[in-house]
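Trainee: Any chance you can model this:
(one chain, ligands or ions: 1)
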Amino acid sequence: MNQKTVQQMAIARGAQPAQFVFKNVSVINVYSGEIIVQDVAIEGDKIIAVGQCSGLEELDCTGKYLCPGLIDSHLHLESTMVHPSQLVEQASLTGTTTFIVDPHEAGNVAGKAGINFMLDATRDVTGNVYVMVPSCVPASQYDDSGAVLLAADLADYLNNERVLGLGELMSSDEIVAGDAVMHDKIELFRHKVLDGHAGSYDDKKLNAYRFSGVETDHECTTYYDALRELRCGMYVHIREGSATRNLDAIVEGIVENDLATNRFTFCTDDKHISEIIERGHISYNVRRAIELGISPVKAIQMATINAATCYGLKHLGGISPGCQADLILLSDLASFAIEKVYFKGRPIVPSDRLVTTDIAPSLLNSINLAPVEVADIQLAVDGDFPVINVIDGQILTAKSVERVPQKNGFFVADSTFNKVVVFERHKATGKVGVGVLKNYGIKSGAIASTVSHDSHNLIVVGDNDADILACVEKIKEISGGYCIASGGKVLEAVPLEIMGLMSNQDYRIVEQKVSHTLEIAKQLGVNENIDPLITMSFLALTVIPEIRIIPRGVFEVGVCNE
Ligand SMILES: [Fe+2]
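Mentor: Numbers count the residues shown, from 1 in each chain. Okay, here's the model as predicted:
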């Protein structure tokens with residue numbers, strides 16, 4: 001036994017004072033479900049004793065509460081569009097000290113280099129960041145993504161202590177059908193955690209999916225689906241993010257039916273930094289669950305020990321000797337009023353420092369487009385043509401077959417029938433898919449994005465070719481991101497130079513530029529009932545019904561049309 005351990009044992013048994021002690025604090029004991037007034041002693045980054053303790057420094061916490069730091073059981077850091085450290089800092093100030101992330105977007109653009117960047121960029125931050133390696137790169141066999149990750153590639157991560165398992169297994173049909181590629185990955189990670197992506201599978205499919213070893217799901221939108229998965233032995237991560245809000249529906253059902261909560265956790269999936277600052281992160285989930293009738297202790301258990309148990313994080317999620325000292329001091333329990341957040345025993349304070357990471361040039365120059373000419377974006381139409389219809393407020397699309405405006409056998413876009421173009425942008429293959437888009441509504445302009453799930457190719461929507469091509473040029477110039485053009489001139493551009501997904505700038509600058517882009521989009525007539533950028537970013541996603549556009553052309557989901 002080394003000297004340090006000898007001294008730590010002396011402090012743990014009370015023979016020596018600890019560095020710091022929270023005195024007379026109401027401790028939320030997530031193991032027993034009790035609230036007990038006692039002392040909590042901290043030494044270095046660990047909780048060393050709980051009970052009656054003395055310290056070199058003591059803080060009287062009479063009337064206050066102490067709970068473990070919160071855990072987000074599933075999120076994608078790329079969706080913040082900034083360096084991952086910025087989300088971690090802002091979310092940690094609101095009580096989240098552990099983040100279980102799936103770098104699915106980075107993996108689809110840059111493969112292992114992308115995943116490694118996300119690991120590196122979150123090493124020296126104010127939170128524990130663990131990674132679930134992306135299981136579906138590419139998302140489907142029809143995608144032209146920047147990388148293909150097979151079991152042999154993912155094997156490199158097996159012994160990484162920050163990798164907890166395999167990220168959301170979206171290709172459920174393949175898994176249920178016994179597809180060898182997916183099952184090789186599952187076999188490799190069988191002794192770790194396999195994250196799911198289910199939602200509302202019928203009972204037979206759910207059985208097969210669960211039998212494959214999938215243990216968690218964050219896609220439940222109803223209490224009924226959550227209950228079915230719970231009965232099937234899964235953990236349900238209750239999601240409340242910027243894009244998708246499922247908490248009320250599930251928690252109301254839990255309260256109404258007095259259901260056991262030990263297999264429920266909280267996650268955000270995707271949450272914007274401005275919303276985190278305004279409303280909280282996982283702290284919002286805790287508050288809202290309490291408002292809906294869950295007891296504060298249970299809500300805290302869902303946000304801490306349940307997720308720690310699910311992912312085998314024995315040193316996190318509770319207040320007990322040996323746990324990492326990630327703690328929240330609360331001035332009020334019912335309203336979950338946070339006074340201070342501690343990470344590894346130290347209070348988290350806002351910093352103005354932008355964490356920078358050495359970024360490989362290949363990640364900063366990820367736009368690799370073949371030369372584009374006006375001839376490449378022409379669409380031959382002969383009679384009726386399949387049209388992609390945007391649905392208000394949804395990422396689903398609907399197919400219609402109709403006569404579109406045309407001249408000399410080619411489609412002529414207008415403000416009703418926009419042109420949508422997807423350019424393969426990873427390997428300069430020159431693949432360009434052109435389609436017709438309705439209910440988007442841009443007039444006298446074009447808008448472009450390299451955030452385009454899941455392959456993140458370049459997508460552009462416009463009503464004229466000049467503005468579409470102006471956007472393509474600008475996207476090349478800024479190494480990826482968003483831009484909007486009208487009259488052949490680019491009116492705003494948001495560089496997302498890290499893989500075409502994230503910016504190295506301060507999130508406030510990025511958010512301000514994104515807001516300006518959205519404002520211009522509305523001025524150019526884009527449908528008021530959609531988010532112009534989010535809607536566009538899902539038009540190329542081959543796993544969501546009904547009709548999509550990919551670099552290979554118009555794609556009908558569920559219909560093999562290669
Ligand atoms: Fe997700």
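
Trainee: Which stretches in the stretch 1-150 of the chain count as helices?
Mentor: With DSSP state H, counting those that start in this stretch as the criterion, the stretch 1-150 of the chain has helices at 3-12, 84-93, 104-121.

Trainee: right, and the ones you listed - which one's nearest residue 76?
Mentor: Residue 76 lies closest to helix 104-121 among the helices of the stretch 1-150 of the chain, at 6.1 Å (CB to CB). Where C-beta positions appear, they are placed from N, C-alpha and C, glycine not excepted.

Trainee: ok, and for that closest one, which residues are buried?
Mentor: 104-119, 121 (16 or more other CB atoms under 10 Å).

Trainee: now swap in stretch 4-18 and tell me
Mentor: Of all the residues in stretch 4-18, those buried under the rule 16+ other CB under 10 Å are 8, 11, 12, 17, 18.

Trainee: May I ask which two of the residues you listed are separated the most?
Mentor: Pairwise over those, using CB to CB, the maximum falls at 8 and 17, 12.6 Å.

Trainee: Let me know which of the helices of the stretch 1-150 of the chain is the nearest to residue 305.
Mentor: Using CB to CB, the helices of the stretch 1-150 of the chain put helix 84-93 closest to residue 305, at 18.7 Å.

Trainee: Give the other helices and strands that the closest one contacts.
Mentor: Counting contacts by 3 or more CB pairs under 8 Å, 6 or more residues apart in numbering; DSSP states H and E, helix 84-93 packs against strand 96-101, helix 104-121, helix 273-279, strand 337-343, helix 507-523.

Trainee: quick one, that helix and helix 507-523 angle?
Mentor: Counting by axes from the mean of the first three to the mean of the last three CA atoms, to 10 degrees, helix 84-93 lies at 100 degrees to helix 507-523.

Trainee: so where's this protein shaky on pLDDT?
Mentor: 559-562 (pLDDT under 70).

Trainee: did I read that right, residue 534 in a strand?
Mentor: No: counting by DSSP: H, G, I helix; E, B strand; the rest coil, one finds residue 534 to be helix, located in no strand.

Trainee: quick one: the residue nearest to it when sequence neighbours are not counted from residue 531, how far?
Mentor: In space, and not counting its chain neighbours, residue 534 is closest to residue 243: 6.9 Å by CB to CB, 6 or more residues apart in numbering. In this view, residue 243 and residue 531 are 9 Å apart by CB to CB, to the nearest Å.

Trainee: What are the boundaries of the helices in the stretch 451-562 of the chain?
Mentor: Listed from the start of the chain, the stretch 451-562 of the chain has helices (DSSP H, counting those that start in this stretch) covering 465-477, 507-523, 532-537.

Trainee: Just the strands from the stretch 301-450 of the chain, written as ranges.
Mentor: Ranges of strands within the stretch 301-450 of the chain are 327-332, 337-343, 346-347, 384-390, 397-403, 406-407, 410-411, 417-423, 432-438, 446-449, based on DSSP state E, counting those that start in this stretch.

Trainee: Let me see the contact set for residue 245.
Mentor: Counting by CB atoms under 8 Å, 6 or more residues apart in numbering, residue 245 touches residue 239.

Trainee: so what's it bridging to?
Mentor: Bridge pairing for residue 245 (DSSP bridges) gives the partners residue 240.

Trainee: Quick check: it vs residue 251, distance?
Mentor: For residue 245, the distance to residue 251 - CB to CB - is 11 Å.

Trainee: Equivalent analysis for residue 325, please.
Mentor: 29 Å.

Trainee: more neighbours, the two?
Mentor: residue 251 (28 against 24; other CB atoms under 10 Å).

Trainee: I'd guess the more buried one is in a strand, am I close?
Mentor: No: if the criterion is three-state DSSP, then residue 251 is helix and not within a strand.

Trainee: Pull up the distance across stretch 328-337, start to finish.
Mentor: Between the opening and closing residues of stretch 328-337 there is a gap of 10 Å (CA to CA, to the nearest Å).

Trainee: what comes up buried for that stretch?
Mentor: Neighbour-count burial for stretch 328-337 [16+ other CB under 10 Å]: 328, 329, 330, 333, 336.

Trainee: got the contact list for that stretch?
Mentor: Applying CB under 8 Å, 6+ apart, the external contacts of stretch 328-337 come out as 22, 25-26, 28, 35, 61, 63-70, 95, 283, 286-287, 290, 296, 299, 338-342.

Trainee: switch the cut-off to 6 Å
Mentor: 64, 65, 66, 67, 95, 286, 287, 296, 338, 339, 340, 341 (CB atoms under 6 Å, 6 or more residues apart in numbering).

Trainee: Report the beta-bridge partners for the last one.
Mentor: Same thing as residue 341. Under the criterion used (DSSP bridges), residue 341 bridges to residue 328.

Trainee: correct me, but it touches residue 347?
Mentor: No: taking contacts as CB atoms under 6 Å, residue 341 lies outside contact range of residue 347: 7.1 Å.

Trainee: Of the two, which one has the most company?
Mentor: Neighbours around residue 341 and residue 347, counted as other CB under 10 Å, are more numerous at residue 341. The numbers are 25 against 11.

Trainee: Identify the bridge partners of residue 71.
Mentor: Taking DSSP bridges as the rule, residue 71 bridges to residue 98.

Trainee: quick one: it and residue 53, what's the gap?
Mentor: Residue 71 sits 26 Å away from residue 53, going by CB to CB.

Trainee: Compare the two and say which is more crowded by neighbours.
Mentor: Under the neighbour definition other CB under 10 Å, residue 71 and residue 53 were set side by side, and residue 71 has more, 30 against 22.

Trainee: List the contacts of that one.
Mentor: Under the criterion of CB under 6 Å, 6+ apart, the neighbours of residue 71 are 98, 304, 307.

Trainee: redo that, cut-off 8 Å
Mentor: 96-100, 265-266, 282, 303-304, 307-308, 313, 316-317.

Trainee: do residue 139 as well
Mentor: 108, 145, 170, 171, 453, 454, 455, 541, 542, 543.

Trainee: ok, 7 Å please
Mentor: If a contact means CB atoms under 7 Å, 6 or more residues apart in numbering, then residue 139 has 170, 454, 542, 543 as its contacts.

Trainee: State the distance from it to residue 544.
Mentor: Separation of residue 139 from residue 544 (CB to CB): 10 Å.

Trainee: go on, residue 42?
Mentor: From residue 42 over to residue 544 (counting by CB to CB), the distance is 47 Å.

Trainee: ok, and for stretch 343-361, which residues are buried?
Mentor: For stretch 343-361, the neighbour count (16+ other CB under 10 Å) marks 343, 344, 345, 348, 355, 357, 359 as buried.

Trainee: Could you dump the residues you listed into a markdown table and include distance to residue 80?
Mentor: What follows is the buried residues of stretch 343-361, written out as a markdown table (distance: CB to CB, whole Å):
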| residue | distance to residue 80 |
| --- | --- |
| 343 | 19 |
| 344 | 23 |
| 345 | 27 |
| 348 | 18 |
| 355 | 13 |
| 357 | 15 |
| 359 | 16 |
